[in-house]
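> Below: sequence and its predicted model.
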Amino acid sequence: MRLNRSLKAAAAIGALLLVTACGSSDSGDSASSSGLNPPDLKAQSKLGKTEGQVNLIAWAGYVEDGSNDPKVDWVTDFEKQTGCQVNTKTAATSDEMVSLMKTGDYDAVSASGDASLRLIASGDAAPVNTKLVPNYADVFKGLKNQDWNSVDGVSYGIPHGRGANLLMYNTEQVKPAPDSWSAVFDKASAHKGKVTAYDSPIYIADAALYLKATQPDLGIKNPYALDQKQFDAAVDLLKQQNANIGEYWSDYLKEISAFKSGDSVVGTSWQVIVNLAQAEGAKVKAVLPKEGATGWSDTWMLAAKAKHPNCAYKWFDWIISPKVNAQVAEYFGEAPSNEKACAETADKNHCATFHATDEAYWKNVHYWTTPIEQCLDGRTDAKCVPYAKWVQAWNEIKG
């Protein structure tokens, strides 16, 4: 990943993500097995004439037309080749994306896992016909037909990219090098006031994942499927951690600054943050802890009431085409979804840095997926705590 692109992406994404969803990377768990029954909507069977425009909701850095940087533009060629004018609304949070999709003014959205199941369940997102997206054939198998983007084998979107939530630490102040999330939970007091955590209700899943490994008696199988007892245990752990937290972060430029200044020495992070912090002189490294990690996989989803569905399908195929998928992955700082994109990156080490082709690595990443009352781990004899309760609990934890 080129540093200049990363810095510009960081500037564009500074206000990013109160992303909050959840999910497991275990392909055996499906949303449908938990009782999620979306409205009976049918996928488009064939493409028609393009409508001349497409209205998108996207994370900053996903739909670049040269206005932020003349050298970063994968929209202009799309418009020339398809005749579809791209209109983009940049959203700062998953909740904003969900609200915007309900207006009926947009054709598609680059939803994270905390939004995708909500859009499916509410009927705001329609199934997609992957046969109408030729480049879908080259999407990594580990991103197809997963809990956060499909129900009963029916796809509700086209995978865009993915990333893991890592444990970053100051190599001079945190010794020995940590290999466990215990560094921010059980051992957090050793760095009291300098521990940092992601500022989102979905971070409750990080605590649940740690408890899954360290308190097996709780019976946690999926960090996004927590019954009341399991949920309470995760919340209690986070309330204990709160005493040692110096700052909760959502703007990753601020996290970089905190690690450079020494205000933060250990906490959750993303690979792109690690790269930028190191490039700016911070003495940091990051690790995927032995318990595994949470992570994110974004999906382009079609609005059920899309006014320009044919242009939307053209966009889906374009954004995951090898060259374009490589461009956006490098600019944003993530692993691409199209395997062939790895041969198109300007930095030939990009896919290695972001573990794009390492499926063994991703088996230990539990992707964000929206918590719902029907337990996502397949249990039918229990009720799980839905996302709204996660939001309430998060406010209590920070308070």
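Thanks, I have the structure now.
> any chance you could map the helices in the stretch 51-200 of the chain?
For the stretch 51-200 of the chain, the helices defined by DSSP state H, counting those that start in this stretch cover 76-82, 94-102, 113-122.
> Could I get the contacting residues of the closest residue to Ile245 other than its chain neighbours?
Spatially, and ignoring its direct neighbours in sequence, Ile245 is nearest to Val195 (5.3 Å; C-beta to C-beta, 6 or more residues apart in numbering). Where C-beta positions appear, they are placed from N, C-alpha and C, glycine not excepted. Contact partners of Val195, counting by C-beta atoms under 8 Å, 6 or more residues apart in numbering, are 184, 188, 241, 244-246, 264-267.
> among these, which are in helices?
Mapping the contacts of Val195 onto helices (DSSP state H) picks out Gln241.
> centroid residue for this protein?
Centroid-nearest residue in the chain: Trp296, 2.5 Å away (criterion: C-alpha atoms, centre = their mean).
> hang on, isn't that one packed against Pro159?
No: using C-beta atoms under 8 Å, Trp296 is not in contact with Pro159, being 11.3 Å away.
> on that earlier part again, just say which of the helices of the stretch 51-200 of the chain is most tucked in.
Among the helices of the stretch 51-200 of the chain, helix 113-122 has the highest mean neighbour count (mean count of other C-beta atoms under 10 Å), at a mean of 26.
> mean confidence for that helix?
Averaging pLDDT along helix 113-122 yields 90.
> Which secondary structure elements does that helix sit against?
Helix 113-122 makes packing contacts with helix 94-102, strand 108-111, strand 293-303 when contacts are defined by 3 or more C-beta pairs under 8 Å, 6 or more residues apart in numbering; DSSP states H and E.
> at 6 Å instead, please
Other helices and strands packing on helix 113-122, by 3 or more C-beta pairs under 6 Å, 6 or more residues apart in numbering; DSSP states H and E, are helix 94-102.
> what's next to the helix it packs on, contact-wise?
Around helix 94-102, the neighbours that count as contacts under C-beta atoms under 6 Å, 6 or more residues apart in numbering are 19-20, 57, 91, 106, 109, 111-112, 114-115, 118-119, 124, 303.
> Could you tell me the angle between it and strand 293-303?
Calculated by axes from the mean of the first three to the mean of the last three C-alpha atoms, to 10 degrees, helix 94-102 forms an angle of 10 degrees with strand 293-303.
> Just the helices from the stretch 251-399 of the chain, written as ranges.
Using DSSP H, counting those that start in this stretch, helices in the stretch 251-399 of the chain cover 252-261, 271-279, 309-319, 322-332, 350-353, 359-362, 387-398.
> tally of neighbours for Gly104?
13 (other C-beta atoms under 10 Å).
> Could you report the distance from Glu344 to Glu396?
Applying C-beta to C-beta, to the nearest Å, the value for Glu344 to Glu396 is 46 Å.
> How about Asn338?
Distance of Asn338 to Glu396, given as C-beta to C-beta: 41 Å.
> show me where pLDDT drops low in the stretch 51-200 of the chain?
Within the stretch 51-200 of the chain, not a single segment meets pLDDT under 70.
> Can you show me the strands along it?
Applying DSSP state E, counting those that start in this stretch to the stretch 51-200 of the chain gives strands spanning 53-58, 85-90, 108-111, 125-126, 150-151, 154-155, 158-164, 166-170, 195-198.
> which one of Asn338 and Glu396 has more residues nearby?
The neighbour count for Asn338 versus Glu396, taken as other C-beta under 10 Å, is higher for Asn338 (27 against 11).
> Is that one in contact with Ile319, as I believe?
No: contact between Asn338 and Ile319 fails when scored by C-beta atoms under 6 Å: they sit 9.4 Å apart.
> Quickly list what's touching both of these two.
With C-beta under 6 Å, 6+ apart as the test, Asn338 and Ile319 reach no residue in common.
> about what we covered before: want to throw the strands of the stretch 51-200 of the chain into a markdown table with distance to Asn222?
Listed next are the strands of the stretch 51-200 of the chain as a markdown table, based on distance: least, C-beta to C-beta, whole Å:
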| stretch | distance to Asn222 |
| --- | --- |
| strand 53-58 | 28 |
| strand 85-90 | 31 |
| strand 108-111 | 20 |
| strand 125-126 | 22 |
| strand 150-151 | 16 |
| strand 154-155 | 21 |
| strand 158-164 | 17 |
| strand 166-170 | 20 |
| strand 195-198 | 19 |
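> Comparing the ones you listed, which comes out most buried?
Greatest average neighbour count among the strands of the stretch 51-200 of the chain goes to strand 108-111 (a mean of 29), per mean count of other C-beta under 10 Å.
> Which strands or helices does that strand pack on?
Against strand 108-111 (3+ C-beta pairs under 6 Å, 6+ apart) you get strand 53-58, helix 94-102, strand 293-303.
> I'd like these laid out as CSV, including distance to Ala225.
Listed next are these as CSV, based on distance: least, C-beta to C-beta, whole Å:
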stretch, distance to Ala225
strand 53-58, 28
helix 94-102, 19
strand 293-303, 13
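> of these, which approaches Lys260 most closely?
Closest to Lys260 of these, according to C-beta to C-beta: strand 293-303, at 23.3 Å.
> Would you mind pulling up the elements that the closest one packs against?
Counting by 3+ C-beta pairs under 6 Å, 6+ apart, strand 293-303 packs on strand 108-111, strand 158-164, strand 365-367.
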